[in-house]
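1. the amino acid sequence is not available; the structure is as follows:
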């Protein structure tokens, strides 16, 4: 089976990218003209329009509160331009500039909207859905997931206290299940996904957990829990990777060091990965230099310690600005490695977060003289050294509803704001942007 990547740029995306570039260019040119014609107040208009365009772009490539902030800043900047032009009776310029920024924002969003065209796959005849009723504050029950699954011919197995999920999945496969789905947190997803991969069965991720990180990077709409069931009705199939640590499968990441300690605390669990990697060593102080975590850098240098090590199933985008904390793809066949060096190796006594080292590899090993505490997909675990990681490339047959994106929201986004023009030019030319991920 061919392995799909974000679908070739569609005609509508090419048009949207071209419109966004044209709108931004004309808007800036007109703002420059205003700066000359209405000097000196026109300079203020030019600054306001420049800020509005940058903020509008920020709102395009970010999600959640950063998107709201970008939108608010863009509106405030436009209001500033309005005030300056109103005083100088520049209504004609005003309309053109405001419309230009609005068109740029709308067109850029359309250009970067991801939707993966997945190869059609026959629906399973005896699919089984495993539901963790405690995940996401009881989200599965709130949306009536079991009843919705029954309407689609999917049998539901709801976990009870003391149940062994691995055994339940094994029993279902032995009884003839030909498709496995999981509704719960990423720990639940990992167990069911591992069984599906082991038996060569299609798997569907139902986002009924709290954060649903795996669902996000797979391209499942996290706000459409019920609709995710359609993966086993008319969904397409995508082969993705799984990570493995000492024989145990993980779908997202494994953390060691201070990060592993931090993710267990309530105040850190909802924070972005990039934020945690930046702030944890600073918060916990210089004790990172004492952690016994031996690892080898890509250049062959052996390091005796680290403040934080994060090993992920494919590399996270950990830039400070765009798409932070997501994986553009989960089918590269490479682990993502992110290390915050120990303080003793980075200059003891230095204030602020230590620099982050990031690369990709097929295998990675961490050694220690003592058992190593880890966070595996958010679950606290202790493993005997050496801790060996490897990628299991394209081993999981993921089914995704055709109404869902089917790819990470950051799959087409540039790594940095400065790459935005190049990315839009690439899309307008019918090419996929090529972010500079860690290699």
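-> Nice, I can see it. All values derive from a computational prediction rather than experimental measurement.
2. correct me if wrong: residue 334 contacts residue 392.
-> No: between residue 334 and residue 392 no contact is recorded; they are 11.5 Å apart, counting by Cβ atoms under 8 Å. No exception for glycine: its C-beta is placed from N, CA and C like everyone else's.
3. quick one: which of these two has more around it?
-> Each of residue 334 and residue 392 has its neighbours counted (other Cβ atoms under 10 Å); residue 334 has more, 22 against 16.
4. okay, that one and residue 394: tell me how far apart.
-> Relative to residue 394, residue 334 is positioned 12 Å away (criterion: Cβ to Cβ, to the nearest Å).
5. same deal with residue 426?
-> If you measure residue 426 against residue 394 using Cβ to Cβ, the figure is 26 Å.
6. same thing with residue 208?
-> For residue 208, the distance to residue 394 (Cβ to Cβ) stands at 26 Å.
7. again with residue 408
-> Noted for residue 408: a distance of 16 Å to residue 394, by Cβ to Cβ.
8. find the centremost residue of this protein, please.
-> The centre of the chain sits closest to residue 326, judged by Cα atoms, centre = their mean, with a distance of 2.1 Å.
9. what's near enough to touch it?
-> 216, 217, 316, 317, 408, 409, 410 (Cβ atoms under 8 Å, 6 or more residues apart in numbering).
10. just checking, the last one touches residue 328?
-> So that's residue 410. Yes: A contact is recorded between residue 410 and residue 328 when judged using Cβ under 8 Å, the distance being 5.0 Å.
11. overlap in contacts, the two.
-> Listed as contacting both residue 410 and residue 328 by Cβ under 8 Å, 6+ apart are residue 317.
12. in this protein, which helix or strand is least confident?
-> The element with the least model confidence among the helices and strands of the chain, by mean pLDDT, DSSP states H and E, is helix 266-269, at a mean of 52.
13. low-confidence ranges, the protein, go.
-> Counting by pLDDT under 70, the ranges of the chain that qualify are 1-8, 61-64, 66, 86-92, 259-290, 319-324, 343-354, 414-418, 432, 434-439.
14. in it, which helix is the longest?
-> Within the chain, and with DSSP state H defining each element, the longest helix by residue count is helix 11-37.
15. by contact count, what packs against that helix?
-> Packed against helix 11-37 by the contact rule (3 or more Cβ pairs under 8 Å, 6 or more residues apart in numbering; DSSP states H and E) you find helix 41-61, helix 91-111, helix 420-428.
16. make JSON lines out of those helices and add mean neighbour count and distance to residue 130.
-> Listed next are the helices and strands packed on helix 11-37 as JSON lines, based on neighbours: other Cβ atoms under 10 Å; distance: least, Cβ to Cβ, whole Å:
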{"stretch": "helix 41-61", "mean neighbour count": "21", "distance to residue 130": "35"}
{"stretch": "helix 91-111", "mean neighbour count": "19", "distance to residue 130": "36"}
{"stretch": "helix 420-428", "mean neighbour count": "20", "distance to residue 130": "39"}
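17. re earlier: quick check: phi and psi on the residue nearest to the centre of the chain?
-> The phi and psi torsions at residue 326 (degrees, to the nearest 10) take the values phi -120, psi 160.
18. what's around the closest residue to it other than its chain neighbours, how many residues?
-> In this structure, residue 326 finds its nearest non-sequential neighbour in residue 410, 4.4 Å apart by Cβ to Cβ, 6 or more residues apart in numbering. Number of residues near residue 410 (other Cβ under 10 Å) recorded here: 26.
19. tell me the secondary structure for residue 410?
-> Three states are possible here, and by DSSP: H, G, I helix; E, B strand; the rest coil the one that applies to residue 410 is coil.
20. how close does it get to residue 229?
-> In this view, residue 410 and residue 229 are 25 Å apart by Cβ to Cβ.
21. neighbours of residue 382, how many?
-> Around residue 382 sit 9 other residues, with neighbours defined as other Cβ under 10 Å.
22. residues contacting it?
-> Applying Cβ under 8 Å, 6+ apart, we find residue 382 in contact with 371, 372, 373, 374.
23. show me the beta-bridge partners of it.
-> In this structure, residue 382 has beta-bridge partners residue 373, where bridges are defined by DSSP bridges.
24. what about the strands in the stretch 151-300 of the chain?
-> Counting by DSSP state E, counting those that start in this stretch, residue ranges of the strands within the stretch 151-300 of the chain are 155-158, 179-183, 202-206, 236-245, 248-250, 253-257, 295-296.
25. I'd like to know which of those lies nearest to residue 50.
-> With respect to residue 50, and counting by Cβ to Cβ, the nearest of the strands of the stretch 151-300 of the chain is strand 253-257 at 38.0 Å.
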